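> coords please:
(one chain, ligands or ions: 2)
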Amino acid sequence: MKIGVIGAGSMAEAIISGLINGNVVRPGNIHVCNRSDRSKLLYMQDHYGVNVTENKEELLERSEIIILAMKPKDAEEAVLSIRPYVKKQLFLSVLAGVTIHTIQRLLGKKAPVIRAMPNTSAAIQMSATAIAPSEEVTMHQLKMAKHLFETIGMVAVVEEHRLDAVTALSGSGPAYIYYFIEAMENAAMEIGLDQEIAKSLILQTLAGASEMLMQSDKQASQLRKEVTSPGGTTEAGIEKLKDYQFNDAIIACVKRAAERSVELQAQVSNEKKKIREA
Ligand SMILES: NC(=O)C1=CN([C@@H]2O[C@H](COP(=O)(O)OP(=O)(O)OC[C@H]3O[C@@H](n4cnc5c(N)ncnc54)[C@H](OP(=O)(O)O)[C@@H]3O)[C@@H](O)[C@H]2O)C=CC1
Ligand SMILES: O=C(O)[C@@H]1CCC=N1
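Ligands and ions are numbered 1, 2, ... in the order given. From the prediction side, this is the model:
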């Protein structure tokens, strides 16, 4: 597989490192470009052995699959900059909120596009990714994209309109978990635990709980009940979470992220309007 990546930020790096560490694609078969950060390109070259270029024509010529990995607000400029070189490539877009329709409009043709929503755990082949193909994508291309994303974790094929929800849940999800861990670390300090010891206890607790959920047939609510002795410490702690409306806070967080995914699409449309009006 010959892959061109437009964008060299966190998500591009997570995918590239997953593909290389998983021995899926040879570094020599990957070309990467970004907008202007030359030092990041040199880092990618040194660290992963990939080809880096400022020449988008060359990148498109040498790639069968193009991964779009810039911020949604930069999609307009980035996709228009590759438009003259679009031939038969398959496009994989990881952009939150930017529809297949918008990408094809910017590409200037109904090219095969697969929207994907991975997460940064791709870097250790543990991404939870959902993909949605455009009508133009062949079964072979879908299988190829599924295989590609399976090498960096698990993959679900969904209808495109589900991607805002997926983005809010598993695309942003790692950040919610990290935020929770930050709070656990702060709590550990407040109750007088050594930082290093606390960190290893928290991480093993997280890994253990996640593995229990994977291995057991029980629901999260049941596993929680099994930790919660009547009148014990867990019950006392969870009462506090209820006082602070933890459940409502998480629901509001995920709903707001899903709304934001819809807003990002509008942002791309507005950029286009601004360019037209300028
Ligand atoms: N981070 C995450 O957890 C996830 C992100 N995503 C999606 O991935 C995309 C990228 O996010 P993330 O990696 O965090 O963003 P970053 O800001 O880390 O990286 C964006 C990259 O895009 C490049 N870029 C911007 N404009 C252009 C252009 N015109 N031509 C070529 N390259 C360009 C930037 O180059 P330069 O630095 O030179 O400006 C930079 O390398 C977003 O659309 C996001 O929605 C999806 C799932 C998870
Ligand atoms: O925060 C964002 O917009 C991107 C999409 C999902 C994770 N990061």
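
> what about His140, neighbour count?
If you count neighbours by other Cβ atoms under 10 Å, His140 ends up with 9. Bear in mind the C-beta positions are built from the backbone N, C-alpha and C, glycine included.

> Report all helices and strands that the helix or strand hosting Tyr178 contacts.
Using DSSP states H and E, Tyr178 maps to helix 173-190. Contact here means 3 or more Cβ pairs under 8 Å, 6 or more residues apart in numbering; DSSP states H and E; on that basis helix 173-190 packs against helix 195-215.

> quick revisit: from the chain's centre, how far out does the helix holding Tyr178 sit?
What separates the centre of helix 173-190 from the centre of its chain is 20 Å, taken as Cα atoms, centre = their mean, to the nearest Å.

> Just the residues contacting that helix, thanks.
119-121, 128, 195, 198-199, 201-203, 206, 250, 253 (Cβ atoms under 8 Å, 6 or more residues apart in numbering).

> The same query, at a cut-off of 10 Å, please.
Contact with helix 173-190 is made by 119-121, 126-128, 166-169, 193-195, 197-199, 201-203, 205-206, 210, 237, 246, 250, 253-254, 257, as judged by Cβ atoms under 10 Å, 6 or more residues apart in numbering.

> just the buried members of those residues?
By neighbour count, with 16 or more other Cβ atoms under 10 Å, the contacts of helix 173-190 hold 119-121, 127-128, 166-169, 198, 202, 254, 257 as buried.

> Filter the residues you listed to keep only those in contact with ligand 2.
Filtering the buried ones among the contacts of helix 173-190 for neighbours of ligand 2 using Cβ under 6 Å from any ligand atom leaves Thr167.

> Just the ones of the buried ones among the contacts of helix 173-190 in helices?
Judged by DSSP state H, the subset of the buried ones among the contacts of helix 173-190 located in helices is 166, 198, 202, 254, 257.

> which residues touch the nearest residue to Lys255 once chain neighbours are set aside?
Once flanking residues are discounted, Lys255 sits nearest to Ala168: 7.3 Å by Cβ to Cβ, 6 or more residues apart in numbering. By Cβ under 10 Å, 6+ apart, Ala168 lies in contact with 96, 117, 176, 253-262.

> Kindly report the same for Ser81.
Applying Cβ under 10 Å, 6+ apart, we find Ser81 in contact with 6, 33, 35, 56-57, 106.

> about what we covered before: now, which of the ones in helices among the buried ones among the contacts of helix 173-190 sits nearest ligand 1?
Minimum distance to ligand 1 across those is 9.7 Å, recorded for Val166 (Cβ to the nearest ligand atom).

> ok, which pair from the buried ones among the contacts of helix 173-190 is furthest apart?
Val166 and Ala198 (32.7 Å; Cβ to Cβ).

> Just the CA coordinates for stretch 233-244, please, in CSV.
Provided in CSV are the C-alpha atoms of stretch 233-244 (Å, rounded to 0.1, in the frame of the first residue of the first chain):
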residue,chain,number,x,y,z
THR,A,233,-16.0,3.4,51.1
THR,A,234,-17.0,3.1,47.5
GLU,A,235,-20.6,3.8,48.3
ALA,A,236,-19.5,6.9,50.3
GLY,A,237,-17.3,8.0,47.4
ILE,A,238,-20.0,7.4,44.7
GLU,A,239,-22.5,9.4,46.7
LYS,A,240,-20.2,12.4,46.3
LEU,A,241,-20.1,11.8,42.5
LYS,A,242,-23.9,11.8,42.5
ASP,A,243,-24.0,15.0,44.5
TYR,A,244,-21.8,16.5,41.8
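
> which residues sit against it?
Identification of contacts with stretch 233-244 by Cβ under 10 Å, 6+ apart yields 187, 224-229, 246-249.

> Narrow these to those in helices?
Using DSSP H, these in helices are 187, 224-227, 246-249.
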